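Undergrad: A predicted structure for the sequence below; I have some questions about it.
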Amino acid sequence: MNRSRRRLNYFIIALLGLTTAPLALAASSTNWQVVTAHIAQNKTLQTYRHVAIAQWSLDGSLSGTRGNGAGINLASDELVSLRRVAATQSPTLAQWRLSLRNGDSLVGAPRAIAAGAMTLQSPLLGKLTFPLGIVAGLRRAGIQLPTAFAHDHDTIYFINGDKLDGVLEGLTATSAEFHSALGESTLPLAHIACITLGGLPPAAPKPPLTAQLDLRDGSRVTVSELTMNATSVHASAADHQALVCSTGDVLSVHVLGGRLTWLATLPFASEQSTLFGMKWPVEVNRAVTGRPMRVDGVRYRHGLGVHVNCRLTFTLNGQYTTLRLLPAMDDSAKPWGQAHLKITADGKVLYDQPHSAPGEAAAPVILPVAGVKTLELSASDDEHDGVRGRVDWAAAALIK
């Protein structure tokens, strides 16, 4: 009898655990960190923590309540990012990712090609359909699409390393219909690593304000319309594809086209001369070594990593008022790295640090760039032969 009661108690506890898990997810979905384009007194971007979002419309504003009970109301173009605190990706059984030409990536299972469109079944978003003109390819989880591929034909890459050029004519949950020099073929998806689609995306006007959603299944999707409250998200993605999901499914949101623009997203020209002619490509959002950008032990997700004797030139055309960044040596430059860091605007020196070394207390700088047409970031070797001359233009942002 005692043994039976013990089993019953365990069963009840298990049921309680199952029923309370969604409630815990819903509660955590109200705990957001909101970063804005405003600069705080300590020269960091103004950040609100422990925010419960009541309502957000991308074409309007975000309203909510902070942890101390104070209300907030922020215009959408003032927002930089939102991140759900302590949220992590959830494992998914989906074997495929659909890649769009705008860089979006959606997890799911391929279902069909019909009427010039590809259908994907997403575990979070349900049935999604995208015109083939905006689809870059389909890849198995853990496989990367080739960095460059033809525009005049489709290509299937097989798991065994073979590839086949032709035209993708059909798709089901288990096979691909493909026309090639070998004729018509029905190819099992179980043998395919990825499929790239030829063609160029149709030109489309870019909305002034968009948002990039990172979902807990690993999907990343850019939306031009968005409404969000404490429980649900309604959005419109590429080609007006409607998206609906739980707010708890969203890990983070990055607002694009608002008052703040990350410098690394702008085109730039680079000039470099190094010892013995070695070239170090400029790294976007990483240190020049290709590893995460770190200064004084802090990781920075936005910025440009360069080697000394490198000058970057940006065309601003007077569109911005303020430049905020952290010019510093990357932690990987220890112990010998040194650099002379300089920032000029239309030929006028705004910042000059002759002796920058790793481990020194780096501080963000705020520089006026109103009316500036050309911005230059220069890192020279400080007569140190360029040894470990690894420089980070960390968290570099322009504000309108």
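TA: Nice, I can see it. Numbers count the residues shown, from 1 in each chain.

Undergrad: quick one: low-confidence parts of this structure?
TA: 1-30, 92-93, 201-207, 274-277, 382-386 (pLDDT under 70).

Undergrad: Show me how it divides into domains.
TA: Segmentation of the chain into domains, based on automatic domain parsing, reads 96-192, 261-399.

Undergrad: Would you tell me which one of those domains is buried the most?
TA: domain 261-399 (a mean of 18; mean count of other CB atoms under 10 Å). For every residue, glycine as well, the C-beta is placed using N, CA and C.

Undergrad: Need the distance between the two termini of that domain.
TA: Counting by CA to CA, to the nearest Å, you get 6 Å between the two ends of domain 261-399.

Undergrad: before we move on, what about stretch 158-166?
TA: 14 Å.

Undergrad: Equivalent analysis for stretch 121-130, please.
TA: Rule used - CA to CA; the end-to-end distance of stretch 121-130 is 12 Å.

Undergrad: ok, and what's touching that stretch?
TA: 92-94, 98, 100, 106-111, 117-120, 215-217, 219, 238-239, 241, 243-246, 249 (CB atoms under 8 Å, 6 or more residues apart in numbering).

Undergrad: hmm, back to that, can you put the domains of the chain in JSON lines and add distance to residue 253?
TA: Converted to JSON lines, the domains of the chain look like this (distance: least, CB to CB, whole Å):
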{"stretch": "domain 96-192", "distance to residue 253": "14"}
{"stretch": "domain 261-399", "distance to residue 253": "14"}
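
Undergrad: and of those, who's closest to residue 85?
TA: domain 261-399 (16.3 Å; CB to CB).

Undergrad: now the closest one: how far from the chain's centre is it?
TA: What separates the centre of domain 261-399 from the centre of its chain is 21 Å, taken as CA atoms, centre = their mean, to the nearest Å.

Undergrad: got it, and stretch 117-135?
TA: 20 Å.

Undergrad: can you give me the end-to-end distance of that stretch?
TA: This stretch, stretch 117-135, spans 9 Å end to end (CA to CA).

Undergrad: Quick one: residues contacting the residue nearest to residue 257 when sequence neighbours are not counted.
TA: Residue nearest to residue 257 in three dimensions, not counting chain neighbours: residue 209, with 4.6 Å by CB to CB, 6 or more residues apart in numbering. Applying CB under 8 Å, 6+ apart, we find residue 209 in contact with 58-59, 76-77, 224, 255-258.

Undergrad: Can you tell me which of those lies closest to residue 380?
TA: Closest to residue 380, out of all of the contacts of residue 209 and judged by CB to CB, is residue 256, at 33.2 Å.

Undergrad: Of all the domains of the chain, which one comes closest to residue 86?
TA: When the domains of the chain are compared (using CB to CB), the closest one is domain 261-399, at 17.4 Å.

Undergrad: What distance do you get for residue 349 to residue 338?
TA: 20 Å (CB to CB, to the nearest Å).

Undergrad: Between the domains of the chain, which one is closest to residue 48.
TA: Using CB to CB, those put domain 261-399 closest to residue 48, at 17.6 Å.

Undergrad: And the helices in this structure?
TA: Applying DSSP state H to the chain gives helices spanning 2-28.

Undergrad: quick one, longest strand in it?
TA: Determined from DSSP state E, the single longest strand within the chain is strand 45-57.

Undergrad: now for that strand, which elements pack on it?
TA: Helices and strands touching strand 45-57, by 3 or more CB pairs under 8 Å, 6 or more residues apart in numbering; DSSP states H and E, are strand 32-39, strand 61-65, strand 225-229.

Undergrad: May I have the strands that pair with the last one, each with its orientation?
TA: Strand pairing for strand 225-229, using DSSP bridges, gives strand 45-57 (antiparallel), strand 232-236 (antiparallel).

Undergrad: what comes up buried for it?
TA: Neighbour-count burial for strand 225-229, with 16 or more other CB atoms under 10 Å as criterion, is recorded at 225-226, 228.

Undergrad: Could you single out the nearest of those to residue 284?
TA: residue 226 (25.8 Å).

Undergrad: Next one: that closest one from residue 218, what distance?
TA: According to CB to CB, residue 226 and residue 218 sit 20 Å apart.

Undergrad: Also residue 64?
TA: Residue 64 is 27 Å from residue 218, by CB to CB.

Undergrad: Compare the two (neighbour count), which wins?
TA: Neighbour comparison, residue 64 and residue 218: the larger count goes to residue 64, with 21 against 18 (by other CB atoms under 10 Å).

Undergrad: could you list every residue that touches that one?
TA: Residue 64 neighbours (CB under 8 Å, 6+ apart): 32, 34, 51-56, 71-72.

Undergrad: Quick check on these: which are buried?
TA: Buried among the contacts of residue 64 by 16+ other CB under 10 Å: 32, 34, 51, 53-54, 56, 72.

Undergrad: Could you export these to JSON lines, including columns for distance to residue 166?
TA: Converted to JSON lines, the buried ones among the contacts of residue 64 look like this (distance: CB to CB, whole Å):
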{"residue": "32", "distance to residue 166": "47"}
{"residue": "34", "distance to residue 166": "48"}
{"residue": "51", "distance to residue 166": "51"}
{"residue": "53", "distance to residue 166": "48"}
{"residue": "54", "distance to residue 166": "52"}
{"residue": "56", "distance to residue 166": "45"}
{"residue": "72", "distance to residue 166": "55"}
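
Undergrad: In those residues, find the pair that's most separated.
TA: Across the buried ones among the contacts of residue 64 (CB to CB), the longest gap, 12.5 Å, separates 34 and 54.

Undergrad: circling back to that earlier point, which one among the buried ones among the contacts of residue 64 gets closest to residue 175?
TA: Nearest member of the buried ones among the contacts of residue 64 to residue 175, counting by CB to CB, is residue 56, at 42.0 Å.
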